[in-house]
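1. Take this sequence and fold it.
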Amino acid sequence: MGTSLRKIVFPTAGMGTRFLPATKATPKEMLTIVDKPLIQYGVEEALAAGMGEIVMVTGRGKRSIEDHFDISAELEANLHAAGKSALYKTVSRVARMADVAYIRQKQPLGLGHAVLCAAPWVGDECFGVSLADELILSEGKTAMQQLRDVHEQTGASVIGLASVPDNEVSRYGIVKARDENGLLRLEDMIEKPSVDEAPSNLAMIGRYIFTPRLFELLKTTNPGAGGEIQLTDAMCQLAKEEPVYGVVIEGQRFDAGNPYGFLLANATLGLQHPKHGESLRAALKSLL
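-> Numbers count the residues shown, from 1 in each chain. Predicted structure coming up:
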């Protein structure tokens, strides 16, 4: 039903305030986990799920994201000439892995507004949305592929979920869901509720597939907190009009948009790294 899914939106215009001063001049999406920026993990995940048409919704100061996915002829020539063939292949692959379009979000009017900025590019198609500072590592199918499987089964919007502990509930959008033929059908979403108000412990974690109806709803969504257009508000309305399903994503998840999650992701992937893992393990042992 949803097999034509090709397009994915990466909202990357956020200011990265949780990571200042590191993000004063560097986009948070370009912060590296071991030797790769966060945004590249997100793009590779999307490509593995068959979503090869990528749009980044960027803002001022985000030019390095564009440069990262562009061809750097001088760098490639230097690496090639120096006989650094492994590095040459890596750099060359990044530049050619995907065609990426860029749209500017000229004012910081929220995640809903950022997604809406991509509407002219997406058109009347179903599309993915991925927040790159949520790093999800899966043994088997990627997070986006897990969503895609349910979308292809139903043709409907699908939201990535994770079960979070009580003390973290107030940091997320939390969903109310019921079982429908073995799938989680979403009935409501509440942005950052207290534990007492929360209908469940299932949090939305930055992976989405939407029908194009979402754009229509975003256009008429009234600004919420801080004058921002909230994606959650439009999703609530969408769930009232048509089926929206949730998938509890299988995989290891890191909120790498804050320093602790970022450190944890670096430690975890660092220990798994074929080149650096062993030395890092030894060094950490001596520190501890």
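
2. mind listing what's buried in the least confident helix or strand in the chain by mean pLDDT?
-> When the helices and strands of the chain are compared on mean pLDDT, DSSP states H and E, helix 85-96 comes out lowest with a mean of 83. Residues of helix 85-96 classed as buried by neighbour count (16 or more other C-beta atoms under 10 Å): 88, 91-92, 94-95. C-beta: built from backbone N, CA, C; applies to glycine.

3. Could you list the low-confidence segments of this protein?
-> In the predicted model, the chain carries pLDDT under 70 at residues 1-3, 225.

4. Please enumerate the strands of it.
-> Remark: strands assigned in the chain by DSSP state E are 7-11, 32-33, 36-37, 53-58, 99-104, 127-130, 134-137, 157-163, 173-180, 183-191, 202-210, 244-248, 252-255.

5. Next, count neighbours for the nearest residue to residue 145 once chain neighbours are set aside.
-> Excluding the flanking residues, the one nearest residue 145 by C-beta to C-beta, 6 or more residues apart in numbering is residue 49, at 4.2 Å. Residue 49 sits with 23 neighbouring residues when counted by other C-beta atoms under 10 Å.

6. just residue 27 next, same as before
-> Neighbours around residue 27, by other C-beta under 10 Å: 24.

7. Might one say that it is in contact with residue 60?
-> No. Counting by C-beta atoms under 8 Å, no contact exists between residue 27 and residue 60, whose distance comes to 10.3 Å.

8. Residue 14 and residue 265: what is the separation?
-> Distance, residue 14 to residue 265, using C-beta to C-beta, to the nearest Å: 18 Å.

9. mind checking the longest helix of the chain?
-> helix 259-272 (DSSP state H).

10. Which residues does it contact?
-> Applying C-beta atoms under 8 Å, 6 or more residues apart in numbering, the contact partners of helix 259-272 are 18-19, 31, 33-34, 135, 137, 252, 254-256, 276-277, 280-281, 284.

11. what's residue 162 in contact with, if anything?
-> 202-203, 205, 248-249, 253.

12. Give the bridge partners for it, please.
-> For residue 162, the beta-bridge partners are residue 203 (DSSP bridges).

13. With residue 205 as the reference, measure out to it.
-> From residue 162 to residue 205 the distance is 5 Å (C-beta to C-beta).

14. any residues in contact with both of these two?
-> In contact with both residue 162 and residue 205: 249, 253, using C-beta under 8 Å, 6+ apart.

15. Just list the residues touching the closest residue to residue 80 other than its chain neighbours, thanks.
-> Once flanking residues are discounted, residue 80 sits nearest to residue 88: 5.1 Å by C-beta to C-beta, 6+ apart. Going by C-beta under 8 Å, 6+ apart, residue 88 touches 76, 79-80.

16. Sort out which of these are buried, if you could.
-> 76, 79.

17. which among the contacts of residue 88 gets closest to residue 153?
-> Taking C-beta to C-beta as the measure, residue 153 sits nearest to residue 76 out of the contacts of residue 88, at 42.3 Å.

18. quick one, what contacts the closest one?
-> Taking C-beta under 8 Å, 6+ apart as the criterion, residue 76 is in contact with 88, 91-92, 95.
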